[in-house]
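[1] give me a model of this one.
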Amino acid sequence: MSILYSLSLVLFVIYIGQISSRICRRSLTEWWLTTFLIGAGSVILTGFILSALYQTANAPVWAVSVFFTATLLGTVLSRLTPHQERFSVFLLFQERWQTLCNWFGELSVYSRFLFSILFGTLIIIAGTNLLLVLFTVPNEWDSMTGHLNRVMQYVQRGTMRHFGGTNWNIDTYPKSICTLQIYSFLMTGRFENGFKFIHHLSYWTAIVAVFGIVQRIGQNKLSASFFCALTYALLPDFLMQAITTETDIVLTAYLSVLLYMLFTYRYVGTHTTGIQQTGDSRYLYLAGMAFGIAFGHKITFALLLPSVFVIMIYTVFLSPSWSITVGRTWRLAVAIGIGVCLWTLPTGYLKNIEVFGHPIGPPTALKHQSVERAGSFANLLEQGSRNVVRYGFDHINLDGIRNVKAGENINHVMRKPLVLIEEKLHMRLDEETDFSIQPFAFDRKFVFYNANPYWGIFGFGLIFPLLILVLIGYVRSTPHIFLGLAFLLHFAALSYSAPYDPFKGRYFIETGLFGITFLALIFLHPRTTVDVPNRKIWKFYVGGVTVLGCLSALMCVFLNTRALPFAWTAPDGIAFPSAFKADRIQQITIGRPDTYIPFKRFDEVVPDSATVALATINDDYEYPLYGPKLSRRLIAINPFEQGLKPIPKNADYLFFDKSVIKPQPGDLRLGTDTTMRATMIVPAEDYYLRKLH
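    Down below sits the predicted model:
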């Protein structure tokens, strides 16, 4: 049956590709993005319906029903699209390959050097990351406590209905991403790493979208488009999520599709004849669809709304007349409204309001992770402003390169002027901690910057300088003025909306989507282009940043302790095995190594088919307890802020924390590695196992 399900998955991808060829223009970029949007939208809608029918775990129903949903979506979109002939994607790919070869052959020696090193680095990283996706298990903290834990609960229960899990994220996070993960999991024969597929696909989708956006802005200037797409692919924070099950990279993909549709409407989808202007509304409808899917994916999309609105002003609302603006606006508004109804409202926000009184979650979570933690409005302004500076300083780091001792030393010396400035201005960035999850530090711990870097040298070496040149008017580019404003609005939103968190590098991949477009100016604007003679210093600088950026990307991938291709000893002296050779529990607990012993013992004692009651706490890893075949049934009896529940009669074992249930004679102490307690960000509990039958 696994082969049949895999065949169904392949046929589904081919099918939505054919649907897309009837909807989009003859553009390889547009075809990819439309296919991604329709595919994700179809699976999400199907998942909502199957959950309501208690068929979430029914693989045969999944295999068939996604085709019906895709057909319905494709039919509606094709009727809203101007008539066009279907094109051959294969022939189009051949044409674009020839265009690529011709473009590369016509480059100057300098440009050929830049793109050779960028393409070469990406090829190495792409091959390595694909192997890591296929052959290493997920191990991110949030996935072990919440994201993947709830996916397995939904599979076991046959529905995504609210049930009350141990970790507050289980019930409060939107469920649209779960539909995509469950579909991949079931269609690959319950392949654990199938959970990563949508995230890895999102990585490539965002890269394609960046290429397309810059093509629109730069009027099909391939050098600018490729440079932006390739450098975005190598930004450390974006690159690191390509092999994980973190949620932000998927939101980035949705946002990138939304921006592409808006910019395409502005540059390709409108035509002026005399005083008349007509618009290709298909891009507004697809933008509305992307908007609804993005908002339904994660509530942090709300922080992007001001930025998206600014882009809409430039791409949609600005027009030769008020009547045209009104016509465009109501079409986009209707599309967004339908998108929100189909892909946002059913994902769990309404249920959160019903259960917790807030669309995000319980008050405890809000006070811990959102604006409520700041207290008064005056303190929010003060501490949020500190966060702006904190995150700004965090971006000025040689991410990737500082994974080794020599790079860390260079990084420390490079940042000494920043420390001096902070001391002279008395900003108290590291002393004020009331709006911080973890205190700010100029030299962050290895555990923070290794797994959650920011943009590295591409960020502070090129993106920020070019952004400043546009904002001060030295470089004049209308689209980049709007992109710069969108950039600043999202940076501010991240700083003022939540406490400072050194792990927050992953949130800035969306900010980077706006920022990376400024690198197009290196090939587009007369004052910053490298395609002219007599700019040796500027060419040397851009080339140096590019070389260091590629080195940074390679070191991020090959020295990432959570997924090491080869064994390595980190600068702090801790030895890590290759992710390909480590046993499953060792790899899963890499972020909390003090839990390795109890989880390993648990796996050795408890059968794969057992039903286990869990008396654990919010921070506990629960995903490893499902076992190597993900076949154990887990029942949470200490749901978040609901108190301890009775042990179910059908449970074979009880796995519990000493802090939750008092051990009794006969209980097996699984324990923890207490020798690591002082080095753990959140030390593990003292775990016990009780056989019930």
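
[2] list the contacts of E140.
    E140 makes contact with H147, T244, T245, E246, R562, G591 under the criterion Cβ atoms under 8 Å, 6 or more residues apart in numbering. C-beta: built from backbone N, CA, C; applies to glycine.

[3] quick one: it from H147, how far?
    Remark: distance between E140 and H147 (Cβ to Cβ, to the nearest Å) = 8 Å.

[4] between these two, which contacts overlap?
    With contacts taken as Cβ under 8 Å, 6+ apart, E140 and H147 have T245 as neighbours in common.

[5] state the mean pLDDT of the strand or helix carrying M312.
    When elements are defined using DSSP states H and E, M312 is found to belong to helix 305-312. Average pLDDT, helix 305-312: 97.

[6] quick one, grab the pLDDT at the residue most central in space within the chain.
    Among the residues of the chain, the smallest C-alpha distance to the mean C-alpha position (Cα atoms, centre = their mean) belongs to I249, namely 1.5 Å. As predicted, I249 sits at a pLDDT of 95.

[7] pretty sure it contacts T205?
    No: using Cβ atoms under 8 Å as the test, I249 is too far from T205 to be in contact (9.6 Å).

[8] and G41, what does it touch?
    Contact criterion Cβ under 8 Å, 6+ apart gives L73, M289, I293, L342, W343 as the residues in contact with G41.

[9] quick check: it vs Y688, distance?
    Distance from G41 to Y688, counting by Cβ to Cβ: 45 Å.

[10] can you check T71 too?
    Look at T71 and Y688: by Cβ to Cβ, they are 52 Å apart.

[11] tell me which of those two has more neighbours.
    Each of T71 and Y688 has its neighbours counted (other Cβ atoms under 10 Å); Y688 has more, 22 against 14.

[12] on the pLDDT front, check that one for me.
    93.

[13] give the bridge partners for it, please.
    Note on Y688: beta-bridge partners F656, R669, judged by DSSP bridges.

[14] how close does it sit to R632?
    Between Y688 and R632 the distance, using Cβ to Cβ, works out to 17 Å.

[15] from R79, how far out is L342?
    Taking Cβ to Cβ as the criterion, L342 is separated from R79 by 17 Å.

[16] for L429, same thing?
    For L429, the distance to R79 under the criterion Cβ to Cβ works out to 56 Å.

[17] the two: who's more crowded?
    L429 (22 against 8).

[18] contact partners for that one?
    Taking Cβ under 8 Å, 6+ apart as the definition, contacts of L429 comprise R386, V389, R390, F393, E422, F440.

[19] so which of those residues is the most crowded?
    R390 (25 neighbours).

[20] that's a helix at that one, yeah?
    Yes: with DSSP: H, G, I helix; E, B strand; the rest coil as the criterion, R390 is located in a helix.

[21] which one is it nearest to, not counting chain neighbours?
    The shortest distance from R390 to any residue other than its chain neighbours is 4.9 Å, reached at F440 (Cβ to Cβ, 6 or more residues apart in numbering).

[22] you'd agree that neighbour is up against R428?
    No: the pair F440 / R428 is not scored as a contact, 9.6 Å apart, by Cβ under 8 Å.

[23] quick one: residues in contact with the helix or strand hosting H490.
    For H490, the enclosing helix or strand under DSSP H and E is helix 478-496. In this structure, residues lying in contact with helix 478-496 by Cβ under 8 Å, 6+ apart are 217, 263, 303-304, 306-308, 310-311, 313-314, 371, 380-381, 384-385, 387-388, 390-391, 467, 470-471, 504, 507-508, 510-511, 514-515, 517-518, 521.

[24] now stretch 343-354: buried residues?
    Buried residues in stretch 343-354, defined by neighbour count with 16 or more other Cβ atoms under 10 Å: W343, T344, P346, T347, G348, Y349, K351, N352.

[25] swap that for stretch 525-542, please
    By neighbour count on 16+ other Cβ under 10 Å, the buried set for stretch 525-542 is H525, T528, V530, D531, K539, V542.

[26] what is the helix or strand containing Y260 packed up against?
    Secondary-structure assignment from DSSP H and E places Y260 in helix 248-267. Contact here means 3 or more Cβ pairs under 8 Å, 6 or more residues apart in numbering; DSSP states H and E; on that basis helix 248-267 packs against helix 28-52, helix 197-217, helix 282-297, helix 305-312, helix 508-515.

[27] quick check: buried residues in the longest one?
    Right, helix 28-52. Buried residues in helix 28-52, counted by 16+ other Cβ under 10 Å: 28-51.

[28] again, but for the second one
    Under the neighbour-count criterion of 16+ other Cβ under 10 Å, helix 197-217 has 197-203, 205-217 buried.

[29] so G456 makes contact with G400?
    Yes: assessed by Cβ under 8 Å, G456 is found in contact with G400 at 5.7 Å.

[30] the longest helix along the chain vs helix 197-217, what angle?
    Within the chain, and with DSSP state H defining each element, the longest helix by residue count is helix 109-135. Angle between the axes of helix 109-135 and helix 197-217 is 160 degrees (criterion: axes from the mean of the first three to the mean of the last three Cα atoms, to 10 degrees).

[31] coming back round to it: just how off-centre is the helix holding H490 within its chain?
    With Cα atoms, centre = their mean, to the nearest Å as the basis, the distance from the averaged C-alpha position of helix 478-496 to the chain average is 19 Å.

[32] tell me the buried residues in it?
    Across helix 478-496, burial judged by 16+ other Cβ under 10 Å covers 479-496.

[33] next: stretch 151-167.
    Residues of stretch 151-167 classed as buried under the neighbour-count rule (16+ other Cβ under 10 Å) are V151, M152, Q153, Y154, V155, Q156, T159, M160, G164, G165, T166, N167.
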